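Chemist: Build me a structure from this.
(one chain, ligands or ions: 2)
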Amino acid sequence: MVVTVREPTIPITEIEQSAFCQTDEELKSKSLLEELKVDVRWQKLPVSYMRMEPEELDRRILEARAALGTRLMILGHHYQRDEIIRFADLRGDSFKLSQFAAEQEDAEYIIFCGVHFMAETASILGGPDKKVVLPNLTAGCSMADMAHVDDVLDCWDDLSGLLGDGAITPITYMNSTAAIKAMCGRNDGIVCTSSNAEATYKWALEKGEKILFLPDQHLGRNTGVKMGIRPDEMIVWNPFKSMGGHTEDELRQAKVILWQGHCSVHTRFTVPQIEEARQRHPDVNVVVHPECTMEVVQAADSNGSTEFIKKTIEDAAPGTKWAVGTEISLVNRLAKENPDKTVFCLDSVVCPCSTMYRIHPAYLSWVLDGLNEGIVLNEIVVDPETAGYAKIALDRMLSIV
Ligand code: 13P
Ligand code: SF4
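Modeler: Ligands and ions are numbered 1, 2, ... in the order given. Predicted coordinates:
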């Protein structure tokens, strides 16, 4: 049995989370030099790009993108800023974008405007012939940073030692490193996203009794509840404690073991915010992302992935009102794109996902110029062995949903 002793650490991505929070102003891109004044640590790039004003960057991006034609696809996650998403050839949630990367045959390059785990997944699914670029290499995910592969492997050794081989199925949320996806591929496990987590629970429970869910305890718990698993049948594995902080009996009895990870954007939403929205607008509909806590998800009217939230509001009747519990760049865009409806964020303090926000137009302009000069900057490459096992777990996901 492996006993891990490691000091708890807070990912830098979580520490920087509040850097761009505000209450009174619209989030509008400034020059990178201006944005870096709030003391955040992003990837360095040539100073000429840092000085460029948004209008100049817009023009340069358009020209450089046009020069690359069909050799390039730009993918954009829904949480990207407006000044980036306008250049995306395809927008989507994690699932839609990964499906696209798996099916994409034509383009030589994919620029992934999203975060590291998404670009890594696109690289694994796109195969060795496709070059995937992440414009800013420091665009990570604080939740993914909460699961270190060494801690996850220790946990897996402890659980398989205690419960026996094959007694537990690992499911990792897309928001995790390729190494953790590979661990799932090696051990008859699977990857999920917020749009197919229930299908993966069903798949896992048909073949075994227990699930280890990584790294978001909230998505794991909310999915368990949807599948009829009681909250007291799900326990949280603390990687900083021996045996996750549990007795052997507790681990034997649990149906789902949830990794102690969370999203710092979605755990800001609270039940009192929902109550206030309902008081102010008695006819409001509340829709949240399943990375919110169980209490928030239960108090909302519906929950689902970013694509679900977008579609739900787009398909709603004119005049309806929507209080939304997800990242602010998406909420603001939905408000603008649905002027016949009232769309607002549940939280009055407006916080973008600090890592999605790191894809500033200056980075996009820089990597596009690089491609036009024949230089692939910031290419995301996964070693073949890790990529091979991670692909097994990703292909399982793509085949069951
Ligand atoms: P979606 O798969 O719903 O787009 O979510 C990705 C994510 O990181 C949400 O925080
Ligand atoms: Fe990660 Fe949360 Fe940002 Fe999604 S919103 S990328 S889970 S930090």
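
Chemist: Show me where the stretch 201-350 of the chain dips below the pLDDT cut-off.
Modeler: Nowhere does the stretch 201-350 of the chain drop to pLDDT under 70.

Chemist: Closest residue of it to ligand 1?
Modeler: For the stretch 201-350 of the chain, the residue closest to ligand 1 is Ser305, as judged by Cβ to the nearest ligand atom, at 3.2 Å. C-beta coordinates here come from the backbone N, C-alpha and C atoms, glycine included.

Chemist: what are the ranges of the helices in the stretch 251-400 of the chain?
Modeler: 271-280, 294-299, 306-315, 328-337, 361-372, 384-400 (DSSP state H, counting those that start in this stretch).

Chemist: how about the shortest one: buried residues?
Modeler: Of all the residues in helix 294-299, those buried under the rule 16 or more other Cβ atoms under 10 Å are 294, 296-297, 299.

Chemist: Then the first one?
Modeler: Of the residues in helix 271-280, those buried under the neighbour-count criterion (16+ other Cβ under 10 Å) are 273-274, 277-278.

Chemist: What sits closest to Phe344 if chain neighbours are left out?
Modeler: Of all residues not flanking Phe344 in the chain, Ala323 sits nearest, at 6.0 Å (Cβ to Cβ, 6 or more residues apart in numbering).

Chemist: Ok, Ile309 next?
Modeler: In space, and not counting its chain neighbours, Ile309 is closest to Val287: 5.4 Å by Cβ to Cβ, 6+ apart.

Chemist: For the nearest residue in space to Gln298 that is not next to it in sequence, give me its contacts.
Modeler: The spatially closest residue to Gln298, leaving aside those adjacent along the chain, is Val225, at 7.8 Å (Cβ to Cβ, 6+ apart). For Val225, the contact set (Cβ atoms under 8 Å, 6 or more residues apart in numbering) comprises 231, 294, 297-298.

Chemist: what does the chain have sitting close to ligand 1?
Modeler: Listed as neighbours of ligand 1 in the chain under the rule Cβ under 6 Å from any ligand atom: 78, 93-95, 175, 193-194, 263, 289, 291, 305-306.

Chemist: May I ask which two of those residues are separated the most?
Modeler: Phe95 and Cys263 (16.6 Å; Cβ to Cβ).

Chemist: Neighbour count: the two, which is higher?
Modeler: Ranked by neighbour count (other Cβ atoms under 10 Å), Phe95 and Cys263 place Cys263 first, with 26 against 21.

Chemist: Check the gap between Ser123 and Ala204 for me.
Modeler: 26 Å (Cβ to Cβ, to the nearest Å).

Chemist: do Asp150 as well
Modeler: 24 Å.

Chemist: same deal with Arg358?
Modeler: Taking Cβ to Cβ as the measure, Arg358 falls 34 Å from Ala204.

Chemist: residue contacts, whatever residue of the stretch 51-200 of the chain ends up closest to ligand 2?
Modeler: Proximity of the stretch 51-200 of the chain to ligand 2 (Cβ to the nearest ligand atom) peaks at Cys141, 3.3 Å away. Residues in contact with Cys141 (Cβ under 8 Å, 6+ apart) are 13, 115-117, 175, 355.

Chemist: CSV please, covering these and showing neighbour count, distance to ligand 2 and pLDDT.
Modeler: Formatted as CSV, the contacts of Cys141 follow (neighbours: other Cβ atoms under 10 Å; distance: Cβ to the nearest ligand atom, whole Å; pLDDT from 0 to 100):
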residue, neighbour count, distance to ligand 2, pLDDT
Thr13, 24, 7, 60
Val115, 28, 5, 97
His116, 23, 9, 97
Phe117, 24, 8, 97
Asn175, 28, 5, 98
Thr355, 29, 5, 92
